[in-house]
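Colleague: Show me how the following folds:
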Amino acid sequence: MRFVLDNCVDAAVGKEIRRQGHQCWTAADAGLADADDDDLGAYSMEQQAVLMTHDNEFSARRRVNTIGKHVHLDVEEPDAADMIRCALPAMVKALSAADNLFMRVNVNGVIDLHFGWA
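Modeller: Residues are numbered from 1 along each chain as shown. Here you go, the predicted model:
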């Protein structure tokens, strides 16, 4: 699976995602360090990638208007890589089930799934 990390996501998360065999890059890697949320969302959809963020406001909008694949990391930034280490297999399974999916993840695993229009 392919993942794009929002600017607020620690590089250690990307390292863990790649360690588990998936593609992962940052918004900055894509030349979108200063892009607004909607542009980053559009980019991730064009790349058929899951957008991962800690941004509460962005995630709230994406949950209501679920387009593409969006993961809200509901943990403190320093704890995200450890959480991903454990939760990523279940996340990938759920993310594979739909084209338009919002997911919220915390230390307990996947705690919210919202499916958008197919």
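Colleague: C-alpha from now on. contacts and neighbour counts both.
Modeller: Fine.
Colleague: Now residue 26: closest residue in space that isn't a chain neighbour?
Modeller: residue 5 (4.5 Å; Cα to Cα, 6 or more residues apart in numbering).
Colleague: how far away is that neighbour from residue 52?
Modeller: 5 Å (Cα to Cα, to the nearest Å).
Colleague: The residue nearest to residue 26: what's it in contact with?
Modeller: 14, 24, 25, 26, 27, 51, 52, 53 (Cα atoms under 8 Å, 6 or more residues apart in numbering).
Colleague: let's see 7 Å
Modeller: By Cα atoms under 7 Å, 6 or more residues apart in numbering, the contact set of residue 5 is 25, 26, 27, 51, 52, 53.
Colleague: Sort out for me which of these are in helices.
Modeller: Among the contacts of residue 5, none falls in helices (DSSP state H).
Colleague: Residue 97: neighbour count?
Modeller: Number of residues near residue 97 (other Cα atoms under 10 Å) recorded here: 10.
Colleague: Quick one, grab the pLDDT at it.
Modeller: For residue 97, the pLDDT comes out at 87.
Colleague: separation between it and residue 73?
Modeller: On the measure of Cα to Cα, residue 97 and residue 73 end up 19 Å apart.
Colleague: can you confirm residue 81 is in a strand?
Modeller: No - the assignment for residue 81 is helix, going by DSSP: H, G, I helix; E, B strand; the rest coil, so no strand is present there.
Colleague: tell me the contacts of it?
Modeller: Neighbours of residue 81 in contact, by Cα under 7 Å, 6+ apart: 12, 13, 16.
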